[in-house]
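S.K.: Structure, please.
(chains A and B)
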Number of protein chains: 2
Amino acid sequence: MMNTDSANRKFEKELKSGTAALILLGVIFASGRPMYGYQITKEIETASGRPEEKHLFRQGALYPVLRSMERSGILESEIEPSVSGPPRRYYSLTEDGGKILEDWKVTWQNTKDLVDDILKGKDDV
Amino acid sequence: MMNTDSANRKFEKELKSGTAALILLGVIFASGRPMYGYQITKEIETASGRPEEKHLFRQGALYPVLRSMERSGILESEIEPSVSGPPRRYYSLTEDGGKILEDWKVTWQNTKDLVDDILKGKDDV
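M.R.: Model prediction:
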């Protein structure tokens, strides 16, 4: 028998995988400026206010997602020198990325409605 | 360049995978009685009110999830004869399954709060 903690960790992980792309785009869009990896991770930590969310996007997990979104034309990036270390790659949404974020918000709202209706046990929907 | 439709289908798929287990438990719990596969699929279709959600749990995709949840002790099942065809396997939540659903609701609420805060672009959270 799976204990309830490990069942919850598994569910949390699935839910994070499912929302990761939306969170990423949302954070970069909301900042209104190009962002580099560490800033994105920090912003998600701040938004969540929960230390356990630190692992939502560990640095190592974040970069492949950013690169894949760039390849898909959702994000674009530019390398800028940094005063305090190596150059940084700054990511921003492309025009298509902006449209995709709008679509994803609708999909997110629909999913929330569906899940919440089911959890409320509504029979009339 | 990935077109916006295929980007949205990809995101929809990820989001469905992430919420599938919660939707399943929620549907069976809300019904207040043991349910068999086809009933569960129908209930999700009805709740969603959208024909495209039919594929959220195609029959073929549903059964492995039900069986895996039974192996984990979240669900239990009983085979009952059917007047109209082969016997049916009815699933219900175990006591642990009930606790797990409560945990998952909290996780779901936290994830919704996080994503919605980010999408609202709140800087003060």
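S.K.: check contacts around the closest residue to chain B within chain A.
M.R.: Closest residue of chain A to chain B, C-beta to the nearest C-beta: residue A:18 (2.2 Å). For the C-beta atoms, the positions are set from N, CA and C on the backbone; glycine is no exception. Residues in contact with residue A:18 (C-beta atoms under 8 Å, 6 or more residues apart in numbering or on different chains) are B:14, B:15, B:16, B:17, B:18, B:19.
S.K.: Please work out how many residues are found near the second one.
M.R.: In this case it means residue B:15. When counting by other C-beta atoms under 10 Å in any protein chain shown, one arrives at 23 neighbours for residue B:15.
S.K.: Low-confidence ranges, chain A, go.
M.R.: Counting by pLDDT under 70, chain A has low-confidence residues at A:1-2, A:50-57, A:122-125.
S.K.: so the residue most central in space within it is in which element?
M.R.: When C-alpha atoms, centre = their mean is applied to chain A, the residue found nearest the centroid is residue A:23 (2.5 Å). Assigned by DSSP states H and E, residue A:23 belongs to helix A:4-31.
S.K.: Now do the phi/psi pair for residue A:80.
M.R.: Torsion angles at residue A:80 (phi, psi; degrees, to the nearest 10) stand at phi -120, psi 140.
S.K.: I'd say it and residue A:86 touch.
M.R.: No - contact status for residue A:80 versus residue A:86: not in contact, 10.8 Å apart, counting by C-beta atoms under 8 Å.
S.K.: nearest residue to residue A:75 other than its sequence neighbours?
M.R.: Nearest residue to residue A:75, sequence neighbours excluded (C-beta to C-beta, 6 or more residues apart in numbering or on different chains): residue A:69, at 4.4 Å.
S.K.: hang on, the one you found packs against residue A:77?
M.R.: No - using C-beta under 8 Å as the test, residue A:69 is too far from residue A:77 to be in contact (9.6 Å).
S.K.: joint contacts of those two?
M.R.: Common neighbours of residue A:69 and residue A:77 (criterion: C-beta under 8 Å, 6+ apart): residue A:91.
S.K.: still on that earlier bit, which residues touch the residue nearest to residue A:75?
M.R.: So residue A:69 contacts A:21, A:24, A:25, A:75, A:91, A:97 (C-beta under 8 Å, 6+ apart).
S.K.: what number of residues lie near the fifth one?
M.R.: If you count neighbours by other C-beta under 10 Å, residue A:91 ends up with 24.
S.K.: quick one: it from residue B:118, how far?
M.R.: The gap separating residue A:91 from residue B:118 is 15 Å, by C-beta to C-beta, to the nearest Å.
S.K.: Please apply the same query to the second one.
M.R.: Counting by C-beta to C-beta, the gap from residue A:24 to residue B:118 is 9 Å.
S.K.: repeat for the first one
M.R.: To residue B:118, residue A:21 is 12 Å away according to C-beta to C-beta.
S.K.: With the third one instead?
M.R.: Counting by C-beta to C-beta, the separation of residue A:25 from residue B:118 is 9 Å.
S.K.: ditto for the last one
M.R.: As judged by C-beta to C-beta, residue A:97 and residue B:118 stand 15 Å apart.
S.K.: ok, and for the helix or strand harbouring residue A:69, which residues are buried?
M.R.: Assessed by DSSP H and E, residue A:69 sits inside helix A:59-71. Applying a neighbour-count criterion of 16 or more other C-beta atoms under 10 Å in any protein chain shown, one finds A:62, A:65, A:66, A:69, A:70 buried in helix A:59-71.
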